[in-house]
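1. Need coordinates for the below:
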Amino acid sequence: MQYIYQEKQIVWWLVVPFSIILFFLILALFISTTSESAKLGFIVSIVIMALILINFYQLKISVSQQYLKVAFGQGLFKKTFDVKNINPDRFNIVKLPWYYGLGWKYDFSGHMFFSTRPGSALSFQLKDSPMQYRIVANDNAALKAAILKAIHF
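-> As a prediction, this is how the structure comes out:
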């Protein structure tokens with residue numbers, strides 16, 4: 001598939017602490033002389049932390065001639081938009097405060113967020129939905145231009 005725009009953002013706020021915790025959990029597992037149930041607890045903790053890290057370590061934003069795709073990690077958690085369904089008149093840049101956090105979230109005002117950090121986000125709306133979608137990108141202007149280019153293909 002040919003992409004008009006592609007961006008990857010590493011979620012450093014998640015990768016660094018989880019990697020450190022995983023390192024110490026694995027170290028504790030190997031040097032631990034405790035019971036088998038304690039070792040099982042370490043193994044379960046390692047698996048849970050590794051799954052979270054694998055599924056949320058990055059945010060991929062890609063725009064092709066047909067789709068805008070936002071995916072976390074390896075792509076298990078993703079949202080795909082048909083670019084022909086995006087309303088070209090409803091784009092704007094909004095500032096997301098730090099307390100919105102990171103990840104994929106909904107709020108009670110009809111917004112859906114995709115972010116790895118606080119900052120400015122590209123906000124858009126679909127033609128058949130009142131929900132506002134907001135994506136924090138490194139270059140919001142380039143993302144908007146790519147979506148508009150895909151819409152008018």
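
2. Check the gap between the closest residue to residue 97 other than its chain neighbours and residue 4 for me.
-> Spatially, and ignoring its direct neighbours in sequence, residue 97 is nearest to residue 118 (6.2 Å; CB to CB, 6 or more residues apart in numbering). Using the backbone N, CA and C atoms, a C-beta is placed for each residue, glycine as well. Distance, residue 118 to residue 4, by CB to CB, to the nearest Å: 27 Å.

3. where along this protein do the helices fall?
-> Applying DSSP state H to the chain gives helices spanning 12-31, 36-56, 140-151.

4. out of those helices, deepest packed?
-> Comparing the helices of the chain by mean neighbour count (mean count of other CB atoms under 10 Å), helix 140-151 ranks first with a mean of 18.

5. Residue 97: neighbouring residues, count only.
-> 8 (other CB atoms under 10 Å).

6. Need phi/psi at it.
-> Backbone torsions of residue 97, given as degrees, to the nearest 10, read phi -70, psi 160.

7. ok, back up a step: who has more neighbours, residue 118 and residue 4?
-> residue 4 (19 against 15).

8. List the residues that contact the more buried one.
-> Residues in contact with residue 4 (CB atoms under 8 Å, 6 or more residues apart in numbering) are 63, 64, 65, 146, 149, 150.

9. repeat for residue 7
-> Residues 60, 61, 62, 137, 138, 139, 143 are the ones in contact with residue 7 under the rule CB under 8 Å, 6+ apart.

10. change it to 10 Å
-> Residue 7 makes contacts with 59, 60, 61, 62, 63, 135, 137, 138, 139, 142, 143, 146, as judged by CB atoms under 10 Å, 6 or more residues apart in numbering.
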